[in-house]
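S.K.: Okay, sequence plus prediction incoming.
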Amino acid sequence: MSRKRYLEIVPQVVPLLPREAGETHVGISLSGILSDVSFSADRPVQVRLRLQQYESGIPAGSETVEAVWREDGKVEPDFIERRFAPKGFGLLSYALSVDRACIDRPRAEVGYALLMRPNGSAITINPAHKYAETLTIDQIRETRTFCRVHTAHLVDSARGIGNSALLANPYAGPLVARLSNKQGKVISRKIDPYSIELVSLEPLIAAGEWGTVMYSGSHRYPGWDVRHRFENQLAINNIDHLEYYRVVPLHRKVGVRGRIRNQVRHWLRRSEIWF
Amino acid sequence: MKTPGATLDTLVAQTRVGTKCTACLLDLDVLLADFDQAGSGRSIGSFDQATGPGRGAPWERVDSGFFLNQDGIQTILRIANFDLGFAPTEHAAAHDCRLWVFNDAGKIRARDVFHVGGGEETTINLSDYPACPGRGWFLIAMKPRRAGYYGTMRPQVALVGRDWVACYHTQFHADAVRSGRRSGIVLRTKGPYTGAAVYAINGSNAASGLELVISDHYGYRRNADFQLAARGSAMIEIDRAFRDLPSDASLLLDVHSQEPTRKCIINRHGDGSLGVDHFPNFP
């Protein structure tokens, strides 16, 4: 049976912070991405990388890079590096496509972007898939609801510790994000098309106490957990993606061999012989 | 979508789906899953079923991560077990958890057993264990008592300094690899310095050699060798291991090992705070 092959990789979204927070470096290795998702080319393949930048919801520049993927696996040009330091908040969306269906897997691990702080140190940023994330799809299929979560938020003004959520809307329509805590408190934030919002979590997290926040909304959206100085949301020291509410089954059907294997592993671990 | 040059964004632009009312974008993702098989392939309502022959059995998730307990930094492990939207539904199953704390030499320095019920959350300060070393790694095994969803159970790890927090999530311990796409991460120098460190965890009972390779896309390449104890770990300062890095350059760090290892990156900032992340874990 022939396998499905695709013409593009699901577009990626990178949040762009205002220049006060630093300069965002995006490095894209075309050969790295293509070798991750596809077999070797048996004839030259035309590769197109399209980058679209938005600032405060308005297109702020676009670029198309044409490349050739040769039979020997090399891509020319291979490494594309761009820097972004917008005045306000922005978004970068980039998509990679090819001229014939030779991609086996349409979602790629594209590598981290870097936010270079004004003093020169780096913060890693995970780009987000714009569409077709497995965990999001499973979540919507099973629950008909979109939900992200983070279980270790902390805001402590006395110690100068701040925490916000960076929520992106990379789509053409507006969305409303709803953030809630276990006490039932909800804050909503409208996010315009192609915009991002840095939402302080202070209203949802009791001072100095660890808390969980769930993120839902009128449709799905990428989000990041941002750690910063309490008095300055743009004095950032850490960015990580929000976690998924995982509709992953806790019980799995396994055969007799799998069941024995699991029990042996469990016993070895409890006996501290093999982890 | 089968037309050459057609893209997902083209589909949205041409059909205008989701551009007025965005609610249907939820459904678009499900349709796209059928198109590109991006979903897991499970059918709707199958969370307590699964693929393959045999009876349903609890799936024990085993994760690991590094910790710091020195220089005024403590490490907090957070596990929350909530249902969707904090609703009192049946999908958040209670878990029995076991925790082991290792030092860099691979010796167990603390162990704990605890329970996280449905609708509960747990905060563990690793520094509270009397024998917790200055740094090392931990392993946590979480076994559900009944069927349900994994939900919010993925542990978060918060490194807490005097006036800052850096947070990352654990990963499957089985994600440990010797080389490949999970073994590389980007760095950037300011002058010749990165301010970065790698924390490597040896997932094997055998000692392992560890090779760090730093390269750029213009021909620069250097390597440095290290040793990891069996079930041990190490924090390797990049600027000590590599003295002649190109200035203001984008670099790729690859970490190769003889045994499967898990890797995290630590970025030091000028104000004493840290940024942390794991190496990519895409399959």
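M.R.: Good, I have the coordinates.
S.K.: Can you give me the buried ones in the helix or strand containing A:G258?
M.R.: A:G258 belongs to helix A:256-270 when elements are defined using DSSP states H and E. Residues A:N262, A:H266, A:R269 are the ones in helix A:256-270 that count as buried (16 or more other CB atoms under 10 Å in any protein chain shown). C-beta coordinates here come from the backbone N, C-alpha and C atoms, glycine included.
S.K.: The residues you listed: which ones sit near chain B?
M.R.: Contacts with chain B within these, counted by CB under 8 Å from any CB of the partner chain: A:N262, A:H266, A:R269.
S.K.: Can you add pLDDT and give the residues you listed back as TSV?
M.R.: Listed next are these as TSV, based on pLDDT from 0 to 100:
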residue	pLDDT
A:N262	89
A:H266	91
A:R269	94
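S.K.: CA-only coordinates of stretch B:123-136 in PDB, if you can.
M.R.: The C-alpha coordinates for stretch B:123-136 follow below in PDB (Å, rounded to 0.1, in the frame of the first residue of the first chain):
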ATOM      1  CA  THR B 123       4.000  20.300  45.700                       C
ATOM      2  CA  ILE B 124       7.300  18.600  46.500                       C
ATOM      3  CA  ASN B 125      10.400  20.600  47.400                       C
ATOM      4  CA  LEU B 126      13.300  18.300  46.600                       C
ATOM      5  CA  SER B 127      15.500  20.400  49.000                       C
ATOM      6  CA  ASP B 128      13.300  19.100  51.900                       C
ATOM      7  CA  TYR B 129      14.800  15.700  51.600                       C
ATOM      8  CA  PRO B 130      17.600  15.700  54.100                       C
ATOM      9  CA  ALA B 131      20.100  13.800  51.900                       C
ATOM     10  CA  CYS B 132      19.200  15.800  48.700                       C
ATOM     11  CA  PRO B 133      22.500  16.600  47.000                       C
ATOM     12  CA  GLY B 134      23.500  20.000  45.600                       C
ATOM     13  CA  ARG B 135      22.400  18.800  42.200                       C
ATOM     14  CA  GLY B 136      21.400  15.700  40.300                       C
END
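S.K.: Just the element for A:R19, please.
M.R.: With DSSP H and E as the test, A:R19 turns up in no helix or strand.
S.K.: how about stretch B:206-219, does it get close to chain A?
M.R.: Yes - if you take CB under 8 Å from any CB as the test, stretch B:206-219 does meet chain A, through B:H217.
S.K.: quick one: terminal-to-terminal distance for that stretch?
M.R.: Stretch B:206-219 has an end-to-end distance of 34 Å (CA to CA, to the nearest Å).
S.K.: so for that stretch, what's the average pLDDT?
M.R.: Averaging pLDDT along stretch B:206-219 gives 95.
S.K.: Against which helices or strands is the helix or strand containing B:A110 packed?
M.R.: For B:A110, the host element (DSSP H and E) is strand B:108-116. If contacts are counted by 3 or more CB pairs under 8 Å, 6 or more residues apart in numbering or on different chains; DSSP states H and E, strand B:108-116 sits against strand B:74-81, strand B:95-103, strand B:120-125.
S.K.: Next, the buried residues of it.
M.R.: For strand B:108-116, a neighbour-count test (16+ other CB under 10 Å) marks B:R109, B:A110, B:D112, B:V116 as buried.
S.K.: just curious, which of the residues you listed is nearest to chain A?
M.R.: Of all the buried residues of strand B:108-116, chain A sits closest to B:V116, with 10.9 Å by CB to the nearest CB.
S.K.: Just give the number of residues close to the residue nearest to A:I80 when sequence neighbours are not counted.
M.R.: Nearest in space to A:I80, with sequence neighbours left out and distances taken as CB to CB, 6 or more residues apart in numbering or on different chains, is A:I28 at 4.5 Å. Using other CB atoms under 10 Å in any protein chain shown, A:I28 has 21 neighbouring residues.
S.K.: wouldn't A:I28 be in contact with A:P77 here?
M.R.: No - under the criterion of CB atoms under 8 Å, A:I28 is not in contact with A:P77, lying 10.4 Å apart.
S.K.: ok so, going back, could you save the buried residues of strand B:108-116 as a markdown table and add columns showing pLDDT?
M.R.: Compiled in a markdown table, the buried residues of strand B:108-116 are given as follows (pLDDT from 0 to 100):
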| residue | pLDDT |
| --- | --- |
| B:R109 | 98 |
| B:A110 | 98 |
| B:D112 | 98 |
| B:V116 | 97 |
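S.K.: follow-up on the earlier one: how about the CA coordinates for the helix holding A:G258, as PDB?
M.R.: The C-alpha coordinates for helix A:256-270 follow below in PDB (Å, rounded to 0.1, in the frame of the first residue of the first chain):
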ATOM      1  CA  VAL A 256       0.200 -11.200  27.400                       C
ATOM      2  CA  ARG A 257       3.800 -10.500  26.500                       C
ATOM      3  CA  GLY A 258       3.400  -6.800  26.900                       C
ATOM      4  CA  ARG A 259       1.700  -7.300  30.300                       C
ATOM      5  CA  ILE A 260       4.600  -9.600  31.500                       C
ATOM      6  CA  ARG A 261       7.200  -7.100  30.200                       C
ATOM      7  CA  ASN A 262       5.500  -4.200  32.000                       C
ATOM      8  CA  GLN A 263       5.300  -6.100  35.300                       C
ATOM      9  CA  VAL A 264       9.000  -7.100  35.000                       C
ATOM     10  CA  ARG A 265       9.900  -3.500  34.400                       C
ATOM     11  CA  HIS A 266       7.800  -2.400  37.300                       C
ATOM     12  CA  TRP A 267       9.400  -4.900  39.600                       C
ATOM     13  CA  LEU A 268      12.900  -4.000  38.500                       C
ATOM     14  CA  ARG A 269      12.200  -0.400  39.100                       C
ATOM     15  CA  ARG A 270      10.700  -1.000  42.600                       C
END
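S.K.: what packs against that helix?
M.R.: Applying 3+ CB pairs under 8 Å, 6+ apart, we find helix A:256-270 packed against strand B:55-58, strand B:135-144.
S.K.: check contacts around B:G136.
M.R.: Contact analysis of B:G136 by CB atoms under 8 Å, 6 or more residues apart in numbering or on different chains lists B:F66, B:F67, B:V101, B:F102, B:N103, B:D104, B:R109, B:S233.
S.K.: give me the beta-bridge partners of it?
M.R.: B:G136 forms beta bridges with B:F67, B:N103, as assigned by DSSP bridges.
S.K.: per-residue confidence at it?
M.R.: Listed pLDDT for B:G136 reads 98.
S.K.: Likewise for B:R55?
M.R.: B:R55 is given a pLDDT of 65.
S.K.: cool, the one 4 residues further on as well?
M.R.: Reading off the per-residue confidence, B:W59 sits at a pLDDT of 90.
S.K.: cool, and A:L135?
M.R.: At A:L135, the model reports a pLDDT of 88.
S.K.: neighbours around it, how many?
M.R.: Other residues within reach of A:L135, judged by other CB under 10 Å, total 16.
S.K.: List the residues that contact the nearest residue to A:S121 once chain neighbours are set aside.
M.R.: Using CB to CB, 6+ apart and skipping the chain neighbours, the partner closest in space to A:S121 is B:H269 (4.4 Å). By CB under 8 Å, 6+ apart, the residues touching B:H269 are A:R117, A:N119, A:S121, A:N237, B:G195, B:G275.
S.K.: Most neighbours among these, please name it.
M.R.: Highest neighbour count within the contacts of B:H269, by other CB under 10 Å: B:G275, with 30 neighbours.
S.K.: Do a quick rundown of the helices in chain B.
M.R.: With helices called from DSSP state H, chain B shows them at B:8-15, B:25-36, B:238-241.
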